[in-house]
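In: the amino acid sequence is not available; the structure is as follows:
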C-alpha cells in the first residue's frame, strides 16, 4: 500500500484549509508572522489546528516536520 507523501498542500488539507498552490500563497500572503511570534502561537489557528501543529512539532522528525518548517519559514518571510 502506498502512503501519501506529506508536503505543504497535504499539510494545509490536514489543517482543514485549501491545499492548492494559489490558496496556499494567498493564505501565506495574508497571514504574515512577526519574528517574535511562534508558528504554534499564531492567532489565526483554531484550537484543533494549533494542537495538531504542537503535537507534530513535538514529534520532531515526523512526517510533517518538513512541511511545517516550510510553512513557518514562509509565514515569517512575509512579515
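Out: That came through, no problem. Here the structure is a predicted model, which means the values were calculated and not measured.

In: tell me which stretches of the protein form helices.
Out: Read by DSSP state H, the chain holds these helices, from start to end of the chain: 8-14, 21-30, 47-58, 65-77.

In: residue ranges with poor pLDDT in the protein?
Out: Residues of the chain meeting the criterion pLDDT under 70: 1-4.

In: on that earlier part again, right, so of the helices of the chain, which gets closest to residue 41?
Out: helix 47-58 (7.9 Å; CB to CB). (C-beta placed from N, C-alpha, C; glycine too.)

In: which other helices and strands does the closest one contact?
Out: Here helix 47-58 touches helix 65-77, going by 3 or more CB pairs under 8 Å, 6 or more residues apart in numbering; DSSP states H and E.

In: give the buried residues for the helix it packs on.
Out: Under the neighbour-count criterion of 16 or more other CB atoms under 10 Å, helix 65-77 has 67, 68, 71, 72, 74, 75, 76 buried.

In: mind putting those residues into a markdown table with distance to residue 36?
Out: Converted to a markdown table, the buried residues of helix 65-77 look like this (distance: CB to CB, whole Å):
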| residue | distance to residue 36 |
| --- | --- |
| 67 | 23 |
| 68 | 19 |
| 71 | 17 |
| 72 | 13 |
| 74 | 17 |
| 75 | 13 |
| 76 | 10 |
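
In: if we can go back for a sec, export the helices of the chain to CSV and tack on distance to residue 40?
Out: Shown next, in CSV, are these (distance: least, CB to CB, whole Å):
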stretch, distance to residue 40
helix 8-14, 14
helix 21-30, 16
helix 47-58, 5
helix 65-77, 9
